[in-house]
Structures are given as C-alpha cells and as structure tokens.
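>>> please work out how this folds:
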Amino acid sequence: MGCCYSSEVRGKMPLKRRPNCGICNTAKIERRGRLICQTCARRHTRARNARIGPQPSTPESRAVKTKYRNKVRPTGLTNGKVSALKKLYGISEALYLKMRQKHRDQCGICGGNIAQDCVVDHNHKTGSVRGLLCRSCNFGIGLFCDDPNKLREAAAYIERNGRRK
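Residues are numbered from 1 along each chain as shown. Alright, predicted model coming up:
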C-alpha cells in the first residue's frame with residue numbers, strides 16, 4: 001500500500017483537462033492567474049519587449065515588493081499571508097481570524113498554542129478547509145497521507161510497543 005504521493009496512487013487520480021489555446025491548439029498553463037499556452041506567452045512577451053522594452057527587475061523594485069509583502073496589517077497578518085490564504089485556500093482574512101478565534105489559538109489535534117505558527121489544514125482531494133493546526137501536527141497528518149486507518153495503526157503500534165523514555 002503506497003503513500004498518497006507514490007506513483008501508483010497518483011496514476012489513479014483523474015487529471016484535470018486543461019483547455020487548449022485558441023491560436024496554436026496546445027495545452028494551456030496558468031501564468032499569473034491567466035490561462036495561456038507557453039508558446040503564446042513567449043510570443044506576447046517578445047512583442048511587449050519590442051514595443052516598450054524589457055522590464056528589468058532591480059534590487060530596488062524587489063525591495064519594494066518584499067516590503068509590501070512583509071507589511072503587517074492591524075490584524076497581525078502580513079499582506080503575503082493574506083494573499084496566500086486567498087490564493088491557496090480561498091478564504092478571506094476575516095474568515096481566517098474567525099477560525100482562529102473559534103479554535104482559541106489552539107491546535108485542533110494536540111491543543112498546543114498556534115498563535116505564532118498556525119497552519120490551515122485542508123483536504124487535498126476536495127480542497128475544503130478542515131481547520132487550524134500547529135505545523136508539527138499538520139506535517140504528521142501529511143506523512144500519513146490523510147488516511148485515518150494509517151493513523152489508527154500508528155497509534156496502536158505506539159501503544160503496543162510503548163513509548164521510548
């Protein structure tokens with residue numbers, strides 16, 4: 001029985017059908033929130049650079065972007081964290097704060113304090129958010145491929161063989 005990340009399980013998962021490009025009929029990929037094929041993206045970039053010149057990334061422009069991402073909001077979250085919550089899990093800053101308040105800044109599994117290092121736990125198959133966990137518990141669930149049977153077997157193994165002292 002393989003892990004959820006093994007090739008035997010991945011092979012059984014249905015692949016999302018990507019739409020094809022209307023110009024060259026190749027599979028599109030997501031770039032900066034848009035679906036565009038790689039060939040047409042390159043063609044578009046070359047045409048834009050020919051019109052207005054290439055847009056250099058300078059240390060100053062990178063510093064401005066980093067400063068904005070790391071700016072702390074009144075809620076205590078950074079702009080980067082809020083953006084990631086919306087992009088990865090589809091939840092707003094307000095919903096995230098309500099979830100933290102509901103959990104009372106405690107991990108949903110071990111009860112540890114998650115005020116500083118909180119992770120959004122979600123179902124990888126459906127994408128639905130399950131709750132908030134500490135990083136260690138979320139990592140442990142991930143290593144067991146979100147399989148309750150494997151977690152029960154691991155708990156039984158620990159109980160059978162005792163804990164190390």
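>>> what's the domain layout of this protein?
Domain ranges of the chain: 18-50, 77-165, per automatic domain parsing.
>>> lowest-confidence stretch among these?
Note on the domains of the chain: lowest mean pLDDT is at domain 18-50, with a mean of 73.
>>> and residue 129, what are its bridge partners?
residue 122 (DSSP bridges).
>>> okay, now it: neighbour count?
18 (other Cβ atoms under 10 Å). The way it works is simple: take the backbone N, C-alpha and C, and place the C-beta from them, glycine included.
>>> quick one, helices of the chain?
Under the criterion DSSP state H, helices of the chain are mapped to 7-10, 38-52, 59-69, 79-84, 93-103, 135-143, 148-161.
>>> residue 128 is nearest to which of these?
Of all the helices of the chain, helix 93-103 sits nearest to residue 128, with 12.9 Å by Cβ to Cβ.
>>> correct me if wrong: residue 146 contacts residue 121.
No. With contact defined as Cβ atoms under 8 Å, residue 146 does not reach residue 121; the gap is 9.2 Å.
>>> between these two, point out the one with more neighbours.
More crowded of residue 146 and residue 121, by other Cβ under 10 Å: residue 121, with 19 against 16.
>>> contact partners for the more buried one?
108, 129, 130, 131, 132, 133, 138, 141 (Cβ atoms under 8 Å, 6 or more residues apart in numbering).
>>> understood, closing this out.
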